[in-house]
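In: need a 3D model of the following:
(chains A and B)
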Amino acid sequence: MSKMLAFALSVCAITTTAAFADGHCAAGKTLTDGKLTIATGNPAYFPWVLDDAPEAGKGFEAAVAFAVAAEMGFAAEDVVWVRSSFDEAIQPGAKNFDLNIQQYSITAERDQVVDFSEPYYTAPMAVLVGANAADTPATLEALRALKWGAVGTTTAVPKLANVIAPQSDPLLYGDNADVNAAITANQIDAALFDLPTALFLSAVMIEGSKVIGQFAPDQSDNPDQFGMLMEEGSPLKPCVDDALAALKASGALAGIEAEWLQDTTGVPLIE
Amino acid sequence: MFRPSATGLTRRERYEAQQRRRALIVASASTAGVVAALVVLVPLAPGWDKVRNSFFNAEVFAKSFPKLLEAFWVNVMIFAWCAPAIAVLGLLIALARDVKSPALFPLRIFGAAFTDIFRGVPVILTVYLIGFGIPGLGLPRPWNSPYIWGSLALILTYSAYVAEIFRAGIDSVHHSQRAAALSLGLSERQVMRDVVLPQAVRNVVPSQMNMLIALQKDVSLLSFIGPVEIFRQAGVFKSLLANFTPYVGAALIFLVVTIPATRYADHLMARQMRDRR
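Out: Next comes the predicted model:
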C-alpha cells in the first residue's frame, strides 16, 4: 500500500515537472534543469545589489533578475547565484552561469563574442567630482580642464575620450573602490560613472563629492544600455527577451526602477 | 658525411662525427614532431575556433597594437627612473647591513627590517598602500601623483631584493682579502670601497640583470593606481572589444624586450662561469 502511494506520488512529481517543462521556454536550456543560474559581480555594488547579497533580491539588478526568473517560470528558490568577473564572462568556452547581470553595456563588439538580452536599463553617464572641484560648472569647457579618472573596464573610457576629451591624460583604475581612493587622495578631480553608481558614491562613499551633471543617455550613437549577458548563441535569449518585454509592458520593470534607483531627474544635463 | 680514413680522421673521430650526426637527426626529428603535433592537434580541439578568435584575432590586434606601443612608452619611462634609484638604494641597504661599528648597530637593524618587510609584502600591496595611502594624507598636486608614489613602492620593494643580492656579492669576496687589505693599512672604508665592492658588484651583475627583467614586467603593477601603461591599455581594449588579443599583443611587446635581456644575462652568467674556471 505504501509502495503504491510512493509510486503515485512519484508519478505526480514527474507529471508536474513535465507540465512545468512544457509550459516554459527555458525548460531544459539551463545549466541545471529546473534551476536558473545567475551571475553577478564580485563584489556586487550598491544600488545594483544591496549588501553584496543578491540572494535577498534587494537592489535594482537583484530585483530585475528575480522578476525575469519569475517571468521565465522559475520560483525564487530555483534561482542560483554565482559570481563572475568580466573576464570570465567573455572568455571562450563553457560558462558557469545562464545569465550574467552586472551593468554590462551592450556594444556591437561585445555582442560578437557573447549574447545580450534586450536592455533592462538605459544608464546616462554622470560626472562625479571630488570635494576640491565641487563647484565646477557643468559645461564641457570646464570639464575638459579637470584631471579625470574612470574604471578602465567600462564604456566610460571611450566616452571620456570622445565626448569630454580632457586636456590631460585620464588615469584608469580596476574598479569603483580604486577610483574612490584616487578621488579621496585628490589624485583626480572627476570620474565618469553611470548615474546610479555616481549618485551612490557621492551620497555614501566619498565625503564632499558631488554629481555635477549627466550626459543624456541617447546623446551619442552608442547609448549605454545594460543587458544581461549570455553565452554566444544561448538558447535562453528568446526566453529572457520575452520575459523582459513582458516586464516592460506590464510596467513592472519601471516599478522596480522606481523602487531601487534614486530619482535621477535632479541632476542637470551637460550640453 | 663519410670520409675515407685517408683524410687523417681517426676511428674515434669518425665515431664522434657519426654520433653528432645522429644526435642532430634525432633532435631535428623530435622538434619537428612536437611542432607538427602542436600545429595539427591544437586546431583539432573543439574550442579552437573560439580560442583563436578570442586570443589571436588579427583585426583586434591591428586595431590595438599601435596604442599598446604608445602605452609601453609609459612603462619604459617608469622603468628608466626606477632602475638607477633601485641600484643606489639597494647598495646603500646592503652596506647598512654590513657595517661593523657598534655605534652604527641601529643601521644594521634598519637594513634587516627594511629587507624583511619589503621582501615579505606582495608588491601589489606596497603599490596600493604607498600609491593611495601617502597621497591620501593630503599632499598637494603634483606631489600626490601616482607616478611618484607608485614608483617609490617599486623602488622600495626592488631595493630590498637588490640589497640582498649585493650582500651575497659582498659575502662572496673571501674574508682573507679583507684581512689582507686591512693588514696593508687600509681603513674599513677603503677596504669596502676599493677591494670588496668592485669584486662584489662584478660577481652579481648577472643576478641583477634578472632583477631588471623582473622590474620591467612589474612596472605594470602601477596600472592598479591609475597610470595607463601597456597592461591597463590592453585591459581597456579587452573590455571594449570583449577580446583577449590585446593582452597577447602586450605580451609580444614585453617579449621583444625581455628575451634579448634574458639572453644577455645568460651570456654574462656563462662568461662569469668561464672566467672562474
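In: now the residue of the stretch 151-277 of chain B found nearest chain A. Nearest residue, chain neighbours left out?
Out: In the stretch 151-277 of chain B, the residue that lies nearest chain A is residue B:226 (3.3 Å; CB to the nearest CB). C-beta: built from backbone N, CA, C; applies to glycine. Once flanking residues are discounted, residue B:226 sits nearest to residue A:171: 3.3 Å by CB to CB, 6 or more residues apart in numbering or on different chains.
In: now residue B:115
Out: Distances taken as CB to CB, 6+ apart place residue B:160 nearest to residue B:115, at 4.5 Å, with adjacent residues excluded.
In: which helices and strands does the helix or strand hosting the one you found pack with?
Out: Applying DSSP states H and E as the criterion places residue B:160 in helix B:146-172. Using 3 or more CB pairs under 8 Å, 6 or more residues apart in numbering or on different chains; DSSP states H and E, the elements in contact with helix B:146-172 are helix B:58-96, helix B:105-120, helix B:123-128, helix B:134-136, helix B:197-218.
In: quickly list what the single nearest residue of the stretch 51-200 of chain A relative to chain B is bridged to.
Out: Across the stretch 51-200 of chain A, no residue is closer to chain B than residue A:171, which sits at 3.3 Å (CB to the nearest CB). Beta-bridge partners recorded for residue A:171 (DSSP bridges): residue A:149.
In: residues touching the residue lying closest to residue A:42 once chain neighbours are set aside, list them.
Out: Take residue A:42 and drop its neighbours on the chain: the residue closest to it by CB to CB, 6+ apart is residue A:83, 3.8 Å away. Contacts for residue A:83 (CB atoms under 8 Å, 6 or more residues apart in numbering or on different chains) come out as A:39, A:40, A:41, A:42, A:44.
In: for these, give me CSV that also has neighbour count, distance to residue B:183 and pLDDT.
Out: Below are the contacts of residue A:83 laid out as CSV (neighbours: other CB atoms under 10 Å in any protein chain shown; distance: CB to CB, whole Å; pLDDT from 0 to 100):
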residue, neighbour count, distance to residue B:183, pLDDT
A:39, 26, 73, 93
A:40, 25, 74, 93
A:41, 23, 69, 90
A:42, 12, 66, 87
A:44, 22, 72, 89
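In: turn those into a markdown table, columns for secondary structure and distance to residue B:243.
Out: A markdown table is the format used below for the contacts of residue A:83 (DSSP: H, G, I helix; E, B strand; the rest coil; distance: CB to CB, whole Å):
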| residue | secondary structure | distance to residue B:243 |
| --- | --- | --- |
| A:39 | strand | 20 |
| A:40 | strand | 23 |
| A:41 | coil | 20 |
| A:42 | coil | 22 |
| A:44 | coil | 25 |
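In: what's the closest of the helices and strands packed on helix B:146-172 to residue A:175?
Out: Closest approach to residue A:175 among the helices and strands packed on helix B:146-172 (CB to CB): helix B:123-128, 12.3 Å.
In: could you pull out the buried residues of that closest one?
Out: Using 16 or more other CB atoms under 10 Å in any protein chain shown as the test for burial, helix B:123-128 gives B:123, B:124, B:126, B:127, B:128.
In: distance from it to the middle of the chain?
Out: 18 Å (CA atoms, centre = their mean, to the nearest Å).
In: likewise for stretch A:198-214?
Out: For stretch A:198-214, the separation from the chain centroid amounts to 19 Å (computed by CA atoms, centre = their mean).
In: contacts for it next, please.
Out: Residues from elsewhere that reach stretch A:198-214 (CB under 8 Å, 6+ apart): A:45-47, A:124-131, A:134, A:136-138, A:176, A:180, A:183-184, A:191, A:193, A:195, A:262, A:264, A:267-270.
In: now do the end-to-end distance for it.
Out: Taking CA to CA, to the nearest Å, stretch A:198-214 runs 10 Å from one end to the other.
In: residues of the following helix or strand past the helix holding residue B:160 that come out buried?
Out: Downstream of helix B:146-172, the first helix or strand assigned by DSSP H and E is helix B:175-183. Of the residues in helix B:175-183, B:178, B:181 count as buried by neighbour count, 16+ other CB under 10 Å.
In: and the contacts of helix B:175-183?
Out: The contact list for helix B:175-183 (CB under 8 Å, 6+ apart) reads B:188, B:190, B:191, B:194, B:195, B:196, B:199.
In: now those residues: which count as buried?
Out: By neighbour count, with 16+ other CB under 10 Å, the contacts of helix B:175-183 hold B:191, B:195, B:196 as buried.
In: let's have the residues you listed in TSV, adding pLDDT.
Out: Listed next are the buried ones among the contacts of helix B:175-183 as TSV, based on pLDDT from 0 to 100:
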residue	pLDDT
B:191	92
B:195	92
B:196	93
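In: format those residues as JSON lines; extra columns: distance to residue B:245.
Out: Listed next are the buried ones among the contacts of helix B:175-183 as JSON lines, based on distance: CB to CB, whole Å:
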{"residue": "B:191", "distance to residue B:245": "56"}
{"residue": "B:195", "distance to residue B:245": "54"}
{"residue": "B:196", "distance to residue B:245": "51"}
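In: kindly indicate which of these lies nearest residue B:92.
Out: Once CB to CB is applied, the member of the buried ones among the contacts of helix B:175-183 that ends up nearest residue B:92 is residue B:196, at 15.1 Å.
In: that closest one against residue B:172, yeah?
Out: No - applying CB atoms under 8 Å, one finds residue B:196 not in contact with residue B:172, separated by 9.6 Å.
In: that'll do, ta.
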